[in-house]
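S.K.: return atomic coordinates for the entry below.
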Amino acid sequence: MPAHARSAWFKTLGQLTLALAGGLVLGLSTGHVWPVLTAVSLAVVAWHYWRLNRVLSRLTARKRHPPPQGDGIWNELDRLLHRSQSEMRGRKRRLIGMLRAYRAVAAALPDAVIVVERNSQRIQWFNEAASALLGLKHPHDVGSALGERLQPLPVAQWLSGGRHAEPLADVPSPLHPELRLGLRLIPYSEEYWLLIARDVSKMMRLEQMRRDFVANVSHELRTPLTVVHGYLDMLDASEHPEWAPMLSEMQRQSQRMTQLVEDLLTLSRLEAQETLPEEIVAMAPMLDALRREAEALSQHRHRISMEDRAGVDLLGSTKELHSAFSNLVSNAVRYTQAGGDIAIRFIPEADGGVRLSVQDSGYGIPASHLPRITERFYRVSNSRSRESGGTGLGLSIVKHVLNLHQARLEIESEVGRGSHFSCRFGHERVRMRETLVSTETST
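M.R.: Purely as a prediction, here's the structure:
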């Protein structure tokens, strides 16, 4: 207990003792000791009740009172309460100031910011940019269902992904369809989510310019490469043995350039597509084709295994899915040393989806490279990629194909222990496999 509080306590105790002693003396002098002591005690209790009532009045009063003067335990309690109230009011003013500053910052952001209640998916608050970009109106839309207010965007289905919802990179604004938006969902608490919408129209125009440039350059490169290939095929190394190493290297490099151009064209085509033609993809023959391709590329240098435990087909594009799966298989062969293992598995998932995985025992990928491994032209080892004939576009093509099928690519890898690439498809992409049963009848 602080010294001033202890002093106030002893002073109040001394006043109580003096009051009782005075009552005792008065009672002895009048010959009525107990009635006088009772009256004095009741007076002391009434005084303490009055002081307690004053303390309660101070606690509940909205009007600020000056700090009390005097000594005693009640005055000390009044001073402590006054100091606590002053500190609490100061903290409240600072919190209100910070809240106003945060709201002013959110209101001044060029990006639309919307606070969404998690369970009901209703709008709790939004800034001014949300009105300009998404057409929300204050206060009419506060408390409304977000999915209904942002029609025709597929927001309700997107929000159902919760923490696993992938950002929507390019969607039209409900207010102005020519305005392109990027949407990101941030679950910042158990009860509320933050939806951020950014104007990406300029970035999309620049991206389209880049795609057009890459596509045009790739198309223009096709003709000269075809000519170079034709002349190289006409040259016979047996007639000029001294040219054999140069011709071999020129053919290898021209083939690599051709593959690079083809991959660039494939990537440009995938980026330009929003949807793919959907068909039933027969997985049994595709898995057999992947195994044959792996064995042909391996030339018996690896142990290759195939496992089909899903027993289903997929809904999608046969051509694009074969391209994606083939890229994963060829990468596994290229980046696995001779004598290594490569396992291709098609297995069911607990949520009703399926997973096609390619696992190898190759060199592995350092953890620092995994976040960027699907970027265009990104290579973990430039020298190893050149030796294996890689273009640096394979995984980027895989990612784009899977995105068009609402699937995702998961990568696990450890240096020296190999890599594990998984293509996960949702249950909506799964179709029962049709088995053809032929029967022979004799007459």
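
S.K.: now do the helix or strand hosting Ser41: which elements does it pack against?
M.R.: Here Ser41, judged by DSSP states H and E, is contained in helix 33-60. Other elements packing on helix 33-60 under the criterion 3 or more Cβ pairs under 8 Å, 6 or more residues apart in numbering; DSSP states H and E are helix 3-30, helix 73-108. The C-beta positions use only the backbone N, C-alpha and C, and glycine is treated the same way.

S.K.: beyond the longest one, next helix or strand please.
M.R.: Read that as helix 73-108. strand 112-117.

S.K.: could you list the paired strands of that next one along with their orientation?
M.R.: Here strand 112-117 is paired, per DSSP bridges, with strand 123-126 (antiparallel), strand 192-199 (antiparallel).

S.K.: so where's the stretch 1-150 of the chain shaky on pLDDT?
M.R.: 1-15, 58-74, 76 (pLDDT under 70).

S.K.: tally of neighbours for Asp78?
M.R.: When neighbours are counted by other Cβ atoms under 10 Å, Asp78 registers 20.

S.K.: rewinding a little: among the helices and strands packed on helix 33-60, which comes closest to Ser201?
M.R.: helix 73-108 (20.5 Å; Cβ to Cβ).

S.K.: distance to Cys423 for the strands paired with strand 112-117 - can I get that in JSON lines?
M.R.: JSON lines is the format used below for these (distance: least, Cβ to Cβ, whole Å):
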{"stretch": "strand 123-126", "distance to Cys423": "36"}
{"stretch": "strand 192-199", "distance to Cys423": "28"}
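
S.K.: which parts of this structure are helices?
M.R.: Ranges of helices within the chain are 3-30, 33-60, 73-108, 128-134, 146-149, 155-159, 201-234, 244-272, 283-298, 318-334, 382-388, 394-404, based on DSSP state H.

S.K.: which intervals of the stretch 301-443 of the chain have sub-threshold pLDDT?
M.R.: In the stretch 301-443 of the chain (pLDDT under 70), the answer is 379-392, 435-443.

S.K.: can you pull out the strands in it?
M.R.: Along the stretch 301-443 of the chain, the segments classed as strands by DSSP state E, counting those that start in this stretch run 303-308, 312-316, 341-348, 354-360, 408-414, 418-425, 430-432.

S.K.: do I have it right that Ile365 meets Ile411?
M.R.: Yes. Between Ile365 and Ile411 there is a contact at 7.5 Å, judged by Cβ atoms under 8 Å.

S.K.: which one's more surrounded, the two?
M.R.: Ile365 (19 against 15).

S.K.: in contact with the closest residue to Pro348 other than its chain neighbours, which residues?
M.R.: Here the nearest residue to Pro348 in space, its sequence neighbours aside, is Ala310; by Cβ to Cβ, 6 or more residues apart in numbering that works out to 4.9 Å. Each residue near Ala310 by Cβ atoms under 8 Å, 6 or more residues apart in numbering is listed here: 283, 346-348, 354.

S.K.: which of the residues you listed count as buried?
M.R.: Taking 16 or more other Cβ atoms under 10 Å as the criterion, what is buried in those is 283, 346, 354.

S.K.: show me what the last one is bridged to.
M.R.: Listed by DSSP bridges, the beta-bridge partners for Val354 are Pro348, Phe425.

S.K.: separation between it and His400?
M.R.: Using Cβ to Cβ, to the nearest Å, Val354 is found at 20 Å from His400.

S.K.: show me what contacts the closest residue to Gly135 other than its chain neighbours?
M.R.: Counting by Cβ to Cβ, 6+ apart, Gly135 lies nearest to Leu175, which is 3.7 Å off, once chain neighbours are set aside. With contacts defined as Cβ under 8 Å, 6+ apart, the neighbours of Leu175 are 132-135.

S.K.: what's the spacing between Leu175 and Ala197?
M.R.: The value you get for Leu175 to Ala197, if Cβ to Cβ is used, is 11 Å.

S.K.: now Gln406
M.R.: To Ala197, Gln406 is 21 Å away according to Cβ to Cβ.

S.K.: so for those two, which sits in the more crowded spot?
M.R.: Ala197 (23 against 12).

S.K.: pLDDT score for the more buried one?
M.R.: Looking at Ala197, its pLDDT stands at 88.

S.K.: so it makes contact with Ala132?
M.R.: No. Using Cβ under 8 Å, Ala197 is not in contact with Ala132, being 10.2 Å away.

S.K.: joint contacts of the two?
M.R.: Residues within reach of Ala197 and of Ala132 at once, by Cβ under 8 Å, 6+ apart, are Ala112.

S.K.: ok, Asn127 to Leu136 distance?
M.R.: Between Asn127 and Leu136 the distance is 9 Å, computed by Cβ to Cβ.

S.K.: repeat that for Cys423.
M.R.: 37 Å.

S.K.: equivalent analysis for Gly230, please.
M.R.: For Gly230, the distance to Leu136 - Cβ to Cβ - is 61 Å.

S.K.: so these two - more neighbours on which side?
M.R.: Leu136 (24 against 9).

S.K.: out of the strands paired with strand 112-117, which comes closest to Phe213?
M.R.: Phe213 lies closest, by Cβ to Cβ, to one member of these: strand 192-199, at 23.2 Å.

S.K.: and Tyr335, how many residues sit next to it?
M.R.: Residues near Tyr335, counting by other Cβ under 10 Å, number 21.

S.K.: report how many residues lie close to the nearest residue to it once chain neighbours are set aside.
M.R.: Using Cβ to Cβ, 6+ apart and skipping residues adjacent in sequence, the residue nearest Tyr335 is Gly362, 4.5 Å away. Using other Cβ under 10 Å, Gly362 has 22 neighbouring residues.

S.K.: what's near enough to touch Gly362?
M.R.: Applying Cβ under 8 Å, 6+ apart, the residues contacting Gly362 are 332, 335-337, 340, 418-419.

S.K.: can you tell me how far it is from Val415?
M.R.: Counting by Cβ to Cβ, the separation of Gly362 from Val415 is 10 Å.

S.K.: can you say which of the strands paired with strand 112-117 is nearest to Ala165?
M.R.: Closest among the strands paired with strand 112-117, using Cβ to Cβ: strand 192-199, at 9.3 Å.
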